[in-house]
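Novice: Quick one, fold the following:
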Amino acid sequence: MELIAEQYMDNVRWFDRELGVGRSCDVVSRDFLIGGRRSRLWVIDGYGRDAILERMGAFWLRLPPSELEGLTQMQEFADRFITFSETGVSVDRQEIVSSVLLGKTLLLVDGLEGAALMDAKDYPGRGVSEPADGKVLRGSHDGFIEAVVPNMALLRRRIRDPKLTMESVKVGTRSQTDTILCYLEDKVDRGLLEEVRKKLTSIRVNSLSMGQESVAEAIRPKQWYNPFPKVRYTERPDSAAASIMEGNIVVLVDNSPSVMILPTTFFDFTQEANEFYFPPLVGSYLRLLRIVVFVISLLITPAWYLMVSEPGRLPDWLNFLSSPEPAALGLLWQLMVVEFLVDVLKLASLNTPDSLSNSFSMLGALILGDFAVQAGWLGPEVLVYMSFVSVASFAQPSYEMGYAFKLLRVALLLVTAAFDVWGFVLGVLGILVLLATTKPLVGKGYLYPLIPFNGKALRRLLTREPISPDNT
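Specialist: Numbers count the residues shown, from 1 in each chain. As a prediction, this is how the structure comes out:
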């Protein structure tokens, strides 16, 4: 800890230098005479609330010298003359600099020991509109934004319980990013909470340039070859609040419009917010349909390739599957080309202006697909199967899980092409082994509640149960 100096001007010169006064155009400083004493205020332009700072400054300038007579501690000054409620006093220079860069207003007064830090900030940010992913037909249409304070307020609005705890952790030696652990004090697993807290405080990085993804990569197990996502994200406050009520931990990272839900298991990705805004029977149907379609999307192209790659392998009633039209490219190359072509169209759509993206996606798919068939590059059957796979991928609310299945489907296709039936069987077994050996960030296991088995919890994940006092 580096304490502030005893001499006022030494402190002024040090803070001017460290904060970049005169070097950075957004660092604003202002000198006052408060009760006849020299004073200086520092604030980052765009953070400070002008109306609050102006009102406090006008009040300080009217103070007569007699009001400050005998004062030697900044805490005494703050208690008597700083009306803003979120005010603290510090004597640690580095802590003070970090606080100013986080948006707080710094005040030094000659002859007073310590520095006042007023949290009169207002972060720039967009409105809490509905997020692009996780849209619902009914239900709330607000979403998290890039500022952590409004995100905490969105959760407080839904959980008005004094047991709801927001625990702050600073991450990043340079960025000093606010990371918030949000949980219910009386429902959270204390061992799990301590494990998450330990992982966050042990992060040693300069900055969290990619927000919550930087946090996830810094604390995830070292399994670079494993595509399964270790963290579930959501931009919906209602989904995050429901997870907290169930005893989970939500991690909010400043500058990120999505939050992390821990612990995360494979079966958590079978749920979607829309199911809970429909009656239980309809919600269960939608969930089971999504699971079945997603499993089929993993296996359909490798299985179809296996069936049609060798004549006479199919029964008579499935013979219509075994005669794909001839094309210039081999069947394996056709499937691989379309797999990558779908991703090219997605990337192109993301980088296309909003007003043109939908039209571009449809026209690109139609023109490229029709041209490829007419030119004899691809067979129409390939486009049919890959169209189903592409549509099925959008039924999965997690982009990370969707791409994990895509990579596994391509790997299974290549193994099947190389080793025929044995390749398909070994490929499926390999996927199951990879799934079983996936290490979660925290928690009982990636396949919980299947391994270790918990029938009641598994039933709740696979079907939409009616709301009960213990079920959010």
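Novice: tell me, how many neighbours does the closest residue to Arg313 other than its chain neighbours end up with?
Specialist: Spatially, and ignoring its direct neighbours in sequence, Arg313 is nearest to Met307 (5.7 Å; CB to CB, 6 or more residues apart in numbering). All C-beta spots, glycine's among them, are computed from the backbone N, C-alpha and C. The number of residues packed near Met307 is 13, by other CB atoms under 10 Å.
Novice: Quick check: buried residues in the host helix or strand of Met307?
Specialist: When elements are assigned from DSSP states H and E, Met307 belongs to helix 280-308. Neighbour counts over helix 280-308 (16 or more other CB atoms under 10 Å) mark 283-284, 286-287, 290-291, 293-294, 297-306, 308 as buried.
Novice: For the stretch 351-472 of the chain, give me the ranges with low pLDDT.
Specialist: Along the stretch 351-472 of the chain, the parts satisfying pLDDT under 70 run over 353-376, 468-472.
Novice: I'd like to know how far the residue nearest to Arg313 sits from Asp343.
Specialist: Computed as CB to CB, to the nearest Å, the Met307 to Asp343 distance reads 25 Å.
Novice: How about Val100?
Specialist: Distance, Val100 to Asp343, using CB to CB: 45 Å.
Novice: next one: Gly139
Specialist: To Asp343, Gly139 is 31 Å away according to CB to CB.
Novice: neighbour count winner among the two?
Specialist: A count of neighbours by other CB under 10 Å puts Gly139 above the other of Gly139 and Asp343, at 15 against 12.
Novice: Spatially nearest residue to the more buried one (excluding sequence neighbours)?
Specialist: Residue nearest to Gly139 in three dimensions, not counting chain neighbours: Tyr277, with 4.4 Å by CB to CB, 6+ apart.
Novice: so the one you found touches Arg138, yeah?
Specialist: Yes - using CB atoms under 8 Å, Tyr277 makes contact with Arg138 at a distance of 4.4 Å.
Novice: Give me the more crowded residue out of the two.
Specialist: Tyr277 (15 against 9).
Novice: And that one, how close does it get to Leu345?
Specialist: From Tyr277 to Leu345 the distance is 31 Å (CB to CB).
Novice: residue with max distance from the center of this protein?
Specialist: When distances to the mean C-alpha position of the chain are computed (CA atoms, centre = their mean), the maximum falls on Ser66, with 53.6 Å.
Novice: Now do the contacts for that one.
Specialist: For Ser66, the contact set (CB atoms under 8 Å, 6 or more residues apart in numbering) comprises Gly35.
Novice: what's the answer for Trp14, then?
Specialist: Shown here is Trp14, whose contacts under the criterion CB under 8 Å, 6+ apart are 5, 93.
Novice: which is the next helix or strand following the helix holding Met307?
Specialist: Downstream of helix 280-308, the next assigned helix or strand under DSSP H and E is helix 331-350.
Novice: Show me what that following helix is packed against.
Specialist: Helices and strands touching helix 331-350, as assessed by 3 or more CB pairs under 8 Å, 6 or more residues apart in numbering; DSSP states H and E, comprise helix 280-308, helix 354-374, helix 380-393, helix 399-436.
Novice: so how far is it from its chain's centroid?
Specialist: 27 Å (CA atoms, centre = their mean, to the nearest Å).
Novice: Report the inter-axis angle for it versus helix 399-436.
Specialist: Between the axes of helix 331-350 and helix 399-436, defined by axes from the mean of the first three to the mean of the last three CA atoms, to 10 degrees, the angle is 140 degrees.
Novice: List the buried residues in helix 331-350.
Specialist: Quick answer for helix 331-350 (16+ other CB under 10 Å): 331, 334-339, 341-342, 345, 349.
Novice: now stretch 33-45
Specialist: By 16+ other CB under 10 Å, the buried positions in stretch 33-45 come out as 34-35, 37, 39-44.
Novice: following the helix or strand where Val97 lies, which helix or strand shows up next?
Specialist: Per DSSP H and E: Val97 is located in helix 93-101. Downstream of helix 93-101, the first helix or strand assigned by DSSP H and E is strand 105-109.
Novice: what's the angle from that following strand to helix 93-101?
Specialist: Using the same axes, to 10 degrees, strand 105-109 lies at 130 degrees relative to helix 93-101.
Novice: and strand 105-109, C-alpha only, in CSV?
Specialist: Extracted C-alpha coordinates of strand 105-109, given in CSV (Å, rounded to 0.1, in the frame of the first residue of the first chain):
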residue,chain,number,x,y,z
THR,A,105,-15.0,11.5,-8.3
LEU,A,106,-11.8,12.3,-6.2
LEU,A,107,-11.7,15.3,-3.8
LEU,A,108,-8.5,16.5,-2.0
VAL,A,109,-8.6,19.3,0.6
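Novice: partners of it, with directions?
Specialist: strand 37-44 (antiparallel), strand 115-118 (antiparallel) (DSSP bridges).
Novice: could I get the ones you listed as TSV with distance to Ala241 and mean pLDDT?
Specialist: Output for the strands paired with strand 105-109, formatted as TSV (distance: least, CB to CB, whole Å; pLDDT from 0 to 100):
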stretch	distance to Ala241	mean pLDDT
strand 37-44	32	92
strand 115-118	31	93
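Novice: And the ones you listed: which comes nearest Leu413?
Specialist: Among the strands paired with strand 105-109, strand 37-44 comes nearest to Leu413, with 53.4 Å by CB to CB.
Novice: Pull out the CA atoms of the closest one and give them to me as CSV.
Specialist: What follows is strand 37-44 as a C-alpha-only set of coordinates in CSV (Å, rounded to 0.1, in the frame of the first residue of the first chain):
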residue,chain,number,x,y,z
ARG,A,37,-8.5,25.9,1.9
ARG,A,38,-7.1,24.8,-1.4
SER,A,39,-9.0,21.9,-2.9
ARG,A,40,-8.9,19.9,-6.1
LEU,A,41,-11.4,17.6,-7.8
TRP,A,42,-10.7,14.9,-10.4
VAL,A,43,-13.3,13.1,-12.5
ILE,A,44,-13.4,11.2,-15.9
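Novice: which ones are touching Gly143?
Specialist: Gly143 makes contacts with 128-131, 134, 235-237, 257, as judged by CB under 8 Å, 6+ apart.
Novice: Roughly how far does it sit from Arg160?
Specialist: From Gly143 to Arg160 the distance is 20 Å (CB to CB).
Novice: sorry, back to before: what's the closest of the helices and strands packed on helix 331-350 to Gln271?
Specialist: helix 280-308 (6.9 Å).
Novice: what's the average pLDDT for the closest one?
Specialist: For helix 280-308, mean pLDDT is 89.
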